[in-house]
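Chemist: Task: produce atomic coordinates for the following.
(2 chains, ligands or ions: 2)
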Amino acid sequence: MKRLDRRIIMDRFFKYLVIVISLIALMPLFYIITSILVHGGSTVLKAGISFLYEPPPSPLSTNVGGIGPSLLGTILLMTITIIIGLPLAFFTAVLAVEYPNSIIAKFVGILTRSFIEIPTILIGVLVYTIMVLPMGRFSAIAGAIALALVSLPYMYTHIENALASIPWIYREAAYGLGLTKPKALFHIFMGIARRGIVAGILIGLAKASGETAPLLFTIGGSRHSYFQGLDKPIDAIPLLIYEFAQTPYNIYHEVAWGAALILLLIYLGVFATLRLLVKKVEL
Amino acid sequence: MKYIVDIKCLSVYIKGKKILECIDLKIPRNSIFTIMGPSGSGKSTLLRVINRLIDLIPYAKVEGKVYVFGMNIYNVDPYILRKQIGMVFQTPNPFPHLSIYDNVALGAKLNGVARNKDELDKIVEWALRKAMLWDEVKDRLREPPSKLSGGQRQRLCLARALAIKPKLLLLDEPTANIDPVNTRKIEETLTSLKNEMTIVMVTHSPHQAARISDYIAFLYMGKLIEWGPSSQILIRPRSKLTEKFLRGEI
Ligand SMILES: Nc1ncnc2c1ncn2[C@@H]1O[C@H](COP(=O)(O)OP(=O)(O)OP(=O)(O)O)[C@@H](O)[C@H]1O
Ligand SMILES: [Mg+2]
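Modeler: Ligands and ions are numbered 1, 2, ... in the order given. Sure thing, here's the model as predicted:
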């Protein structure tokens, strides 16, 4: 009887301990989210819907203005990043899983994975040297390439894992029907691994959309005018936050908070819709 | 061409280990040919050679000659070969991301067996009926196979294999998960399909072999002990090993 009591007490004790530790671990996250909601919320309420399309204010203005060009810039950069990065990540992952013994697959795999280790600011510097300097100016395309390089290894590893973890019995079933490799990949393997593939895209996208460092040397922060061309400067929300937070102007701090809230909402929106759209595969 | 499959001294090695040893076998057209033998004797491996799924296994080496439909299988495109051969695997493996309908339809559609939606519907229904599954799923063709029982999944896999209208059907213990009533029904189906195709079936069970086979081969530890018309193998086996297996002693 006594023994049992002690076991139950220990069990309870550890249960509560785990809960408390988890809460402590979550506190910083909770703190960040609430302060973004409070500060950002007050900015956005003050500015109204025009926060989404107005350009930023002048430093001494009392009008909050908006982050229109930066918001559009972030959306465009994400789109181009995916257009460049996803096919590369996908095809290298397919190569690695379907032709594991090919030398190209091994080489690309090692190269891509080692990109994870490189500090993202160095990727910015790299693109600066090979694109910005020769072109003579900052540009949207340089930023997108830098972001694609940042997100590529994340997308690659997740897609590779998703494809590689498809149980062998389904591979046999696909090839047993006489499907060629591309058909098996397109109709069977991508379908079975769809959740993992989407998760990989999201993680890559999240990485890229939150990064500031690769943009410092590449896009030139053009936040007062809207998109002017792929070869022209552009802005992104993280860069705006980073630069506005460093200024002494209160109004810029307010704009930065508002921008942070918008960034958070974009994240949540993209994640929620994609996760809902892609149904889970019950094995 | 009297023999659909003609195997000449086939040996298979996986990672250097001998799995099959100089197998000689001829499978007559429009027959049910049963391969029986204890676990690990190489039955599944033998089936995998016939449609070249063995190619997927890394470090597998195949020696000897195998003719299917009169052609050396290593001289033809494996994808074209497999399109004419249906296979039901030992473990039920319906595609988890496709509906019941699409599981059956996919092969027929991609292999060009059905050219339009009507034909496809017909083939799907025909295949599901032949697999004795139609009545149980006809009202939920859009559901995923995860909602089916193990035996229903196995019958779905049979329907999927039939829907590509194969000339040769390879069955790896197709009734292992299926209750006696449905086993009977599937055996009837197989007997009726004999006119349209040749059937090679793997089974553990001498009783099943006795019920439906025209020919029986007995495999033991990678060697073909004997093969012949089923009555001869069942009643007057030449080898002591076969006798022991039939009595359930190995
Ligand atoms: N992919 C593989 N890698 C390594 N060894 C294998 C592989 N597939 C089969 N083998 C080996 O080949 C031998 C024969 O296997 P196989 O699956 O053909 O036997 P089986 O007669 O079908 O047995 P069961 O009745 O249990 O299904 C076994 O010893 C097995 O370990
Ligand atoms: Mg087997």
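Chemist: quick one, what contacts the residue in chain B that ligand 2 sits nearest to?
Modeler: Here chain B gets closest to ligand 2 at one residue, B:S44, 3.1 Å apart by Cβ to the ion. Yep, even glycine has a C-beta here, placed from its N, CA and C like the rest. Counting by Cβ atoms under 8 Å, 6 or more residues apart in numbering or on different chains, B:S44 makes contact with B:Q90, B:D172, B:V202.
Chemist: What's the first helix or strand after the helix or strand where it lies?
Modeler: Element membership for B:S44 (DSSP states H and E) is helix B:43-50. Per DSSP H and E, helix B:43-50 leads on to strand B:60-68 as the next helix or strand towards the C-terminus.
Chemist: now the helices for chain B?
Modeler: Taking DSSP state H as the criterion, chain B carries its helices at B:43-50, B:78-83, B:100-110, B:117-130, B:134-137, B:150-163, B:180-193, B:206-212, B:230-235, B:240-246.
Chemist: I'd like those as a markdown table, with mean pLDDT appended.
Modeler: Listed next are these as a markdown table, based on pLDDT from 0 to 100:
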| stretch | mean pLDDT |
| --- | --- |
| helix B:43-50 | 98 |
| helix B:78-83 | 97 |
| helix B:100-110 | 97 |
| helix B:117-130 | 97 |
| helix B:134-137 | 96 |
| helix B:150-163 | 95 |
| helix B:180-193 | 91 |
| helix B:206-212 | 92 |
| helix B:230-235 | 94 |
| helix B:240-246 | 93 |
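Chemist: ok so, going back, is ligand 1 contacted by the helix holding B:S44?
Modeler: Yes: on the criterion Cβ under 6 Å from any ligand atom, helix B:43-50 is in touch with ligand 1 at B:K43, B:S44, B:T45.
Chemist: about what we covered before: so of the helices of chain B, which one's packed in deepest?
Modeler: Highest mean neighbour count among the helices of chain B (mean count of other Cβ atoms under 10 Å in any protein chain shown): helix B:150-163, with a mean of 25.
Chemist: If you count contacts, what does that helix end up packed against?
Modeler: Counting by 3 or more Cβ pairs under 8 Å, 6 or more residues apart in numbering or on different chains; DSSP states H and E, the packing neighbours recorded for helix B:150-163 are helix A:168-176, strand B:85-88, helix B:100-110, helix B:117-130, helix B:134-137, strand B:168-172, helix B:180-193.
Chemist: what does the fifth one contact?
Modeler: If you take Cβ under 8 Å, 6+ apart as the criterion, helix B:134-137 is touched by B:I100, B:E125, B:L128, B:E143, B:L148, B:Q152, B:L156.
Chemist: B:D139: neighbour count?
Modeler: 8 (other Cβ atoms under 10 Å in any protein chain shown).
Chemist: ok, now A:L202?
Modeler: 19.
Chemist: for ligand 2, what are the nearby residues on chain B?
Modeler: B:S44, B:Q90 (Cβ under 5 Å from the ion).
Chemist: quick one: contacts for the residue nearest to B:D102 when sequence neighbours are not counted?
Modeler: Spatially, and ignoring its direct neighbours in sequence, B:D102 is nearest to B:F95 (7.7 Å; Cβ to Cβ, 6 or more residues apart in numbering or on different chains). Applying Cβ under 8 Å, 6+ apart to B:F95 gives the contacts A:Y170, A:A173, A:A174, A:I188, A:G191, A:I192, B:D102, B:N103, B:L106, B:P145.
Chemist: Just among these, which is most surrounded?
Modeler: Most neighbours among these, by other Cβ under 10 Å: A:A173, with 27 neighbours.
Chemist: can you tell me how far the nearest residue to that residue once chain neighbours are set aside sits from A:I121?
Modeler: Closest residue to A:A173 apart from its sequence neighbours, by Cβ to Cβ, 6+ apart: B:N93 at 4.6 Å. Taking Cβ to Cβ, to the nearest Å as the measure, B:N93 falls 48 Å from A:I121.
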